[in-house]
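Asks: please work out how this folds:
(one chain, ligands or ions: 1)
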Amino acid sequence: MRRREFLGGALALGACSPVVPSSKAQENPPSPEGLAVHARRSGRYFGAAIKSRQLREDTDFTAAIARECDMVVQEYELKRGTTELKPGQYDFSGADQIIAFAQKHRMRARGHALVWYAAQPKWLEPALKLARPGGREKLMTSYIDTAMRRYAGKITEWDVVNEALEPNQGRADGMRAQSMWMQALGEEYIDIAFHRARSVDPSATLFLTDYGIEHDSPRCDRRRTAMLKLLDRLKARDVPVDAVGIQGHLKPFREGFNQAIFARFLDDLRDYGLSLSITEFDVADRGGPPNPAKRDAEVASVAKAFLDVALDNPSMRSVLCWGLSDRYSWLSNFPDYKWPDGQLSRGLPLDGQMHRKPLWEAIAAAFDAAPPMGRRS
Ligand code: XIL
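Replies: This is a model prediction of the structure:
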């Protein structure tokens with residue numbers, strides 16, 4: 001089949017036509033088909049990050065997750081700063097509830113995230129600094145062992161190492177210098193983490209995940225280059241990375257998006273024999289048109305441009321949003337993206353009232369247009 005041709009130029013926001021008129025999502029009775037049904041037609045999955053509290057307290061939201069998703073991931077309840085407040089004393093109660101929900105609804109579950117520089121318990125970094133070399137390694141692998149064993153067979157894919165790159169921190173190789181793992185073990189921490197994860201649960205798909213590799217900007221260019229060079233080294237050392245997760249936190253009102261550049265990057269990743277996923281999709285709407293309907297249309301338009309490329313890649317297996325409804329988007333609280341007047345960010349497929357927005361239509365349309373997994377248009 002012939003490769004779909006993508007726009008060569010940057011997507012000009014404001015000039016692009018909306019995917020659907022902004023009122024349509026509200027006028028029409030919602031189709032009973034959730035996004036997972038659209039995803040499934042091409043052999044893919046659609047999911048969202050959730051919190052156990054939402055499942056306990058918000059029936060509307062829980063029903064929306066059940067309707068739209070066939071995959072879930074914990075927004076924070078498998079991060080070590082939540083589960084291991086004291087060394088070796090674990091509290092997996094939140095993640096357990098999310099996994100029980102997934103099992104009840106026959107959904108897949110991802111695990112996020114085993115090794116990360118952020119959201120770690122306060123005791124860990126000082127302990128790492130005091131430990132001998134073997135002990136340092138163990139401070140990392142103990143969590144891989146505990147979390148992966150607990151959910152073996154229930155969580156089928158793991159973000160093993162999250163956000164290893166940060167070219168702005170001065171290293172020529174673009175690796176994140178200000179990471180306790182990098183400082184304690186050097187880049188080899190990644191090798192150790194993946195080998196350990198492979199041996200603990202050989203059937204799990206092991207992901208390396210990162211952000212800032214989506215846009216057409218010098219920042220993302222540097223980050224993409226650093227990612228490809230890191231993969232060169234990991235592959236040369238036979239590190240068992242199965243997949244790359246592109247977080248997909250778009251900020252279209254600050255940085256441009258170019259389909260050809262993103263398509264080429266995904267092809268480069270695929271050439272390593274890797275599976276791909278969009279693991280944390282949302283669109284920061286700060287800086288967009290003040291009129292919410294106009295903003296929604298532009299958000300939907302850039303999302304469609306992005307997902308059309310992502311889903312044309314035969315190795316792209318799933319799209320997960322970081323949340324499902326604007327009622328709970330992290331973007332509404334994050335200093336860089338939140339609106340100064342306190343209004344909700346509108347970067348997720350459902351609005352604060354659980355109504356489908358143009359962004360929902362855009363995601364559905366991108367799935368509908370996607371060639372079957374493993375093939376390309
Ligand atoms: C965010 C959560 O959404 C917030 O609730 C939390 O306070 C901070 O972390 N990249 C990641 C996610 O890999 O874990 C982050 O999640 C968002 C950015």
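
Asks: got a list of what whichever residue of the stretch 201-350 of the chain sits closest to the ligand touches?
Replies: Per Cβ to the nearest ligand atom, Trp330 is where the stretch 201-350 of the chain lies closest to the ligand, at 3.4 Å. Any C-beta I mention is one placed from the backbone N, CA and C, and that applies to glycine too. Each residue near Trp330 by Cβ atoms under 8 Å, 6 or more residues apart in numbering is listed here: 75, 322-323.

Asks: next, give phi and psi for it.
Replies: phi -60, psi -20 (degrees, to the nearest 10).

Asks: and it, what pLDDT?
Replies: Per-residue confidence (pLDDT) for Trp330: 98.

Asks: likewise Ser377?
Replies: On the pLDDT scale, Ser377 gets 82.

Asks: I figured it hits Pro371, correct?
Replies: Yes: contact criterion Cβ atoms under 8 Å: Ser377 and Pro371 qualify, at 4.7 Å.

Asks: contact residues of the stretch 251-377 of the chain facing the ligand?
Replies: Residues of the stretch 251-377 of the chain found near the ligand (Cβ under 6 Å from any ligand atom) are 280, 330.

Asks: quick one on the thing from earlier: by neighbour count, which of the contacts of Trp330 wins?
Replies: Highest neighbour count within these, by other Cβ atoms under 10 Å: Gly323, with 27 neighbours.

Asks: contacting residues for that one?
Replies: 48-50, 75, 282, 329-330, 348.

Asks: does the ligand sit close to stretch 222-230?
Replies: No: using Cβ under 6 Å from any ligand atom, stretch 222-230 stays clear of the ligand, with a minimum separation of 13.7 Å.

Asks: what residues are up against the residue of the stretch 151-300 of the chain found nearest the ligand?
Replies: Using Cβ to the nearest ligand atom, Asn162 is the residue of the stretch 151-300 of the chain that sits closest to the ligand, at 5.2 Å. Asn162 makes contact with 112-113, 115-116, 209-210 under the criterion Cβ under 8 Å, 6+ apart.

Asks: before we move on, the earlier item: and the contacts of Gly323, which two are the farthest apart?
Replies: Within the contacts of Gly323, two members stand farthest from each other by Cβ to Cβ: Ile50 and Asp282, at 13.7 Å.

Asks: okay, those two: which has more neighbours?
Replies: Set side by side, Ile50 and Asp282 show more neighbours around Asp282, with 29 against 24, by other Cβ under 10 Å.

Asks: confidence score at that one?
Replies: 98.

Asks: repeat that for Thr141.
Replies: Reading off the model, Thr141 has pLDDT 98.

Asks: list the residues that contact it.
Replies: Applying Cβ under 8 Å, 6+ apart, the residues near Thr141 are 192-193, 196.

Asks: from those residues, list just the buried residues.
Replies: 192-193, 196 (16 or more other Cβ atoms under 10 Å).

Asks: what's the helix or strand for Asp221?
Replies: helix 218-236 (DSSP states H and E).

Asks: buried ones in that helix, by neighbour count?
Replies: Under 16+ other Cβ under 10 Å, the buried positions of helix 218-236 are 220-224, 226-228, 230-231, 234.

Asks: what's the answer for stretch 143-161, then?
Replies: Quick answer for stretch 143-161 (16+ other Cβ under 10 Å): 143-148, 150-151, 155-161.

Asks: Asp159 contacts Ser277, doesn't it?
Replies: No: counting by Cβ under 8 Å, Asp159 sits too far from Ser277 to count as a contact (9.8 Å).

Asks: and Asp326, what does it touch?
Replies: 332, 344-348, 350-352.

Asks: er, Cys69 I mean
Replies: 34-36, 46-48, 107, 324.

Asks: what sits against the residue nearest to it when sequence neighbours are not counted?
Replies: The shortest distance from Cys69 to any non-neighbouring residue, by Cβ to Cβ, 6 or more residues apart in numbering, is to Gly47 (4.9 Å). Each residue near Gly47 by Cβ under 8 Å, 6+ apart is listed here: 36, 69-73, 107-108, 110, 318-321.

Asks: among these, who's most crowded?
Replies: Counting by other Cβ under 10 Å, top hit in the contacts of Gly47: Cys321 with 30 neighbours.

Asks: give me the distance between that one and Ala305.
Replies: Plainly put, Cys321 is 17 Å away from Ala305 if you go by Cβ to Cβ, to the nearest Å.

Asks: likewise for Val244?
Replies: 20 Å.

Asks: Arg176 contacts Glu166, correct?
Replies: Yes: Arg176 is in contact with Glu166 according to Cβ under 8 Å; the separation is 3.9 Å.

Asks: near the ligand, which residues of the stretch 51-200 of the chain show up?
Replies: 75-76, 162.

Asks: got the residue ranges for the strands in the stretch 1-150 of the chain?
Replies: 45-50, 71-74, 108-115 (DSSP state E, counting those that start in this stretch).

Asks: neighbouring strands for the longest one, and are they parallel or not?
Replies: Partner strands and pairing direction for strand 108-115 (DSSP bridges) are strand 71-74 (parallel), strand 157-162 (parallel).

Asks: and the contacts of it?
Replies: Here strand 108-115 has contacts from 45, 47, 49, 70-74, 78-79, 98-99, 102, 140, 143-144, 147-148, 151, 154-162, 181, 189-190, 193, 197, 209, 279, 320, using Cβ under 8 Å, 6+ apart.

Asks: now do stretch 178-198
Replies: So stretch 178-198 is contacted by 114-115, 117, 120, 124-125, 128-129, 131, 136-137, 139-141, 144-145, 148, 158, 160-161, 164, 166, 169, 173, 175-177, 204, 206, 208, 230, 233-234, 237, 239-241 (Cβ under 8 Å, 6+ apart).

Asks: out of those residues, which end up buried?
Replies: Buried residues within these, counting neighbours by 16+ other Cβ under 10 Å: 114-115, 117, 120, 124-125, 128, 136-137, 139-141, 144-145, 148, 158, 160-161, 164, 166, 175-176, 204, 206, 208, 230, 234, 239, 241.
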